[in-house]
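[1] Please work out how this folds:
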Amino acid sequence: MRQAVWLTVMTVVLACCVHSARTEGMAAANDGPNAGPEPSIPSKVKFSVGKPETVISFERMKEADVRGIDGSLYALNDKGQWKWFGTNLVKIVYSTGPRDNPLDHIVAKSELQDLPDTYTDTRFGFAVDHRWGDGPTLANVYLNPKNGHILGFFHTEWTLQTKGGAYFRFGLGISKDGGKTFQWCGHILATHLSYETWLKHWRGVKKGGPFAWSNVGLANYVVKDGYFYLYYTDTEDHPATLVQGTAVARAKVEDVLAAAENLQAASWKKYHQGQWNEGGISGKFTPLNIKPLGFLHGDSAYNSHLDRFVLVTRLGKYDDTPPEAPSKSSSILLSFSKDGIHWSDWQVMHEDNHLHDYPSIVSMGDDNEVVGKSFWVYYKYCFSNSRRSGSFAWSSAYGGWWRVFGTAVFGNGGDLATIGEAHGHARTEVRGRLRTPSPFLRGESPRKTSKISRRGMFAARSSPARALGER
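    Predicted structure coming up:
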C-alpha cells in the first residue's frame, strides 16, 4: 500500500455502559480489590464511529507474502518510528510504516528462538510426542523504554503427533535487536484446567469451536500502577463440565523486564476471590463479570481521557456464537472498566456480514499502551465469511487489515442505544447485561491508494466529548 485515502466519516452513536468506580486504581499488591457485588448504576459512554477503511489491502498482503497472519497486528512507537508485529504461520513478521501503511517496509521474518525441541523435550513434564501446533503465535508486544528491548507475549498451542486438540498457554520472549529476532523466556500463564485433565478428559472433544476448551485467547494487557494486568480466557479444572470465564493475572513490570533480560519468566499471580494469590501456571481464578466472547482474541489499553481500561474482542468466527450475541455475522465489541475488575457490558463498535478477526487497539499518540479520547481499532477483514449459511467459507488467506476510528463521549443517554453502521444499516439494542446462559462460557454476570480494496483490514475510531474537557 502507499498512503491511505481518508474515507468520508459517517457518524454512528454507540452507548456503552461503564461501571462507576469503586476504586481509583488497582489495589496494592497485598490487598487486591475485594470480591462483591458490582456497581449497580453505570454511567454511559457514547461513541462516534467512523466508516471502515483499508490499511493493508489483500494485494499488498500477497505481495509481501503475509496472507497467513494468525493473530492480531500489534504496534509500538520506538523513538518516533512505528513498528508492527504479527505472526505469519510460524514466522514473526516485523515491519515499519506509518499508521495508514503498516507494511510499508518488511524488516524481518523470524522464528522464535530457543523453544523446547519438538516432540522430545520433557522440560514441562509432558509426553515426548508433543509438538508446537499452530504456534507459538505473537499475542502482544511491549517496548522497554529504558533499553529499547521488546517483550513478545506468545500464545502457545501444545499438540500431539496424533493431534486431537491443543493445550493452550501464554509464554514470553524478548527481542534485544529491535524486533528482528525473539528469544524464548518461558511460560507465564496456564489455565486452571491442568494438562492431565485435558489429556484424559478433553482432548479430541470440540466444544465451542476447534480446540476451544482451553483456549486462552490473546494477551490483552494494560500497564497501570507499575503492573501488567493481563486479561484472557481461563478454564476450570473439571473432567466433565466446561466452565470458562474472563480472568486477569498480573505481575510487576520491573520484575517481568528484569527476568526477561536473563531469558527467564517472572512469576504472575491470578485474581481469585478478591486477592492476587493464585499462581499464574494452573492457579485458580475468579471469573470477572463479562463473558470471554471470541475467546478474548483482542487487545486492551488504558484510556487516559476516560481514566478507564478498555478491552476489545471480536465475535462471529465460529458457529457456536452464543444466542445473546449481536445478530450480524461478525462484530467488534468494546468494554470499559474503572478498577480493572468490574467491566461494562460488551457493546458493538462495528458489525456486518464479514468476519472481523483479531482486533487490536492503535493510539493516536506516541505511546500505544495509552489511548486518548479517540483511537483506532485495527482488525483482519475476511470478505468470504458465510457463517450464517451454516458453513465456513471465510479464509485467513483472503482478506486484509482494515480499521475503524472511534470517539468516546460521556452522556446520560436513554434505555436504548441506536447502533448505526458504515454500510447504512441500523439496529436497536436494549440496555442491560447479556444474561442468556451459554453452554461454553460463563461470567459472574451477564493513504495513499487510488482505490480502497474491499479486501483489507478495517479500523474504527472513537473519542470523548468536549464537555469533559480537552486534554
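
[2] Just the element for Ser46, please.
    Ser isn't right for residue 46; it's Lys. Here Lys46, judged by DSSP states H and E, is contained in strand 43-49.

[3] Can you list the strands that that strand pairs with?
    Within its sheet, and counting by DSSP bridges, strand 43-49 is paired with strand 13-18 (antiparallel), strand 399-410 (antiparallel).

[4] hey, C-alpha coordinates of the longest one in PDB?
    Going back to what we said before, that points to strand 399-410. Extracted in PDB, the C-alpha atoms of strand 399-410 (Å, rounded to 0.1, in the frame of the first residue of the first chain):
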ATOM      1  CA  GLY A 399      -8.600 -10.600   3.300                       C
ATOM      2  CA  GLY A 400      -6.500  -7.800   4.600                       C
ATOM      3  CA  TRP A 401      -6.300  -5.400   7.500                       C
ATOM      4  CA  TRP A 402      -8.900  -2.700   8.000                       C
ATOM      5  CA  ARG A 403      -9.500  -0.100  10.700                       C
ATOM      6  CA  VAL A 404     -12.300   1.900  12.300                       C
ATOM      7  CA  PHE A 405     -12.000   5.100  14.200                       C
ATOM      8  CA  GLY A 406     -14.000   5.800  17.400                       C
ATOM      9  CA  THR A 407     -14.500   8.800  19.600                       C
ATOM     10  CA  ALA A 408     -15.900   8.200  23.200                       C
ATOM     11  CA  VAL A 409     -18.400  10.700  24.600                       C
ATOM     12  CA  PHE A 410     -19.900  10.700  28.100                       C
END
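
[5] Let me see the mean pLDDT of it.
    Per-region confidence: strand 399-410 scores 84 on mean pLDDT.

[6] Check the first one too.
    When pLDDT is averaged along strand 13-18, the result is 38.

[7] again with stretch 361-375
    The predicted model assigns stretch 361-375 a mean pLDDT of 94.

[8] Check the separation of the first and last residues in that stretch.
    Across stretch 361-375, the terminal residues are separated by 7 Å (Cα to Cα, to the nearest Å).

[9] Show me which parts of it are buried, residue by residue.
    Neighbour-count burial for stretch 361-375, counted by 16 or more other Cβ atoms under 10 Å, picks out Ile361, Val362, Ser363, Asp367, Asn368, Glu369, Val370, Val371, Gly372, Lys373, Ser374, Phe375. Heads up, the C-betas are built off the backbone N, CA and C, glycines and all.

[10] which helices and strands sit right next to the very next helix or strand once past the strand holding Lys46?
    The C-terminal neighbour of strand 43-49 among helices and strands, as given by DSSP H and E, is strand 53-56. Applying 3 or more Cβ pairs under 8 Å, 6 or more residues apart in numbering; DSSP states H and E, one finds that strand 53-56 contacts strand 399-410, strand 458-462.

[11] What segments of this protein are helices?
    58-64, 195-197, 253-261 (DSSP state H).

[12] Redo the ones you listed as JSON lines? Include mean neighbour count, mean pLDDT and distance to Val243.
    Formatted as JSON lines, the helices of the chain follow (neighbours: other Cβ atoms under 10 Å; pLDDT from 0 to 100; distance: least, Cβ to Cβ, whole Å):
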{"stretch": "helix 58-64", "mean neighbour count": "19", "mean pLDDT": "88", "distance to Val243": "38"}
{"stretch": "helix 195-197", "mean neighbour count": "17", "mean pLDDT": "88", "distance to Val243": "12"}
{"stretch": "helix 253-261", "mean neighbour count": "18", "mean pLDDT": "98", "distance to Val243": "29"}
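
[13] re earlier: in TSV: the buried residues of stretch 361-375, plus distance to Lys176.
    Shown next, in TSV, are the buried residues of stretch 361-375 (distance: Cβ to Cβ, whole Å):
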residue	distance to Lys176
Ile361	26
Val362	25
Ser363	25
Asp367	21
Asn368	20
Glu369	20
Val370	25
Val371	28
Gly372	31
Lys373	35
Ser374	34
Phe375	30
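
[14] okay, and for the chain, where does confidence drop off?
    1-44, 117-135, 160-164, 205-212, 318-329, 383-398, 410-471 (pLDDT under 70).

[15] Please repeat the previous calculation with a cut-off of 80.
    Scanning the chain for pLDDT under 80 picks out the ranges 1-47, 67-68, 89-90, 116-135, 158-165, 203-213, 316-329, 353-355, 382-399, 408-471.

[16] Tell me if I'm right that Val49 and Phe405 touch.
    Yes - assessed by Cβ atoms under 8 Å, Val49 is found in contact with Phe405 at 7.2 Å.

[17] quick one: which of those two has more around it?
    Here Val49 and Phe405 are compared on neighbour count by other Cβ atoms under 10 Å; more neighbours surround Val49, at 28 against 24.

[18] Quickly list what the more buried one is bridged to.
    Gly406.

[19] same deal with Gln113?
    Residues found in beta-bridge contact with Gln113 (criterion: DSSP bridges) are Gln183.

[20] hang on, it packs against Lys180?
    No - under the criterion of Cβ under 8 Å, Gln113 is not in contact with Lys180, lying 11.1 Å apart.
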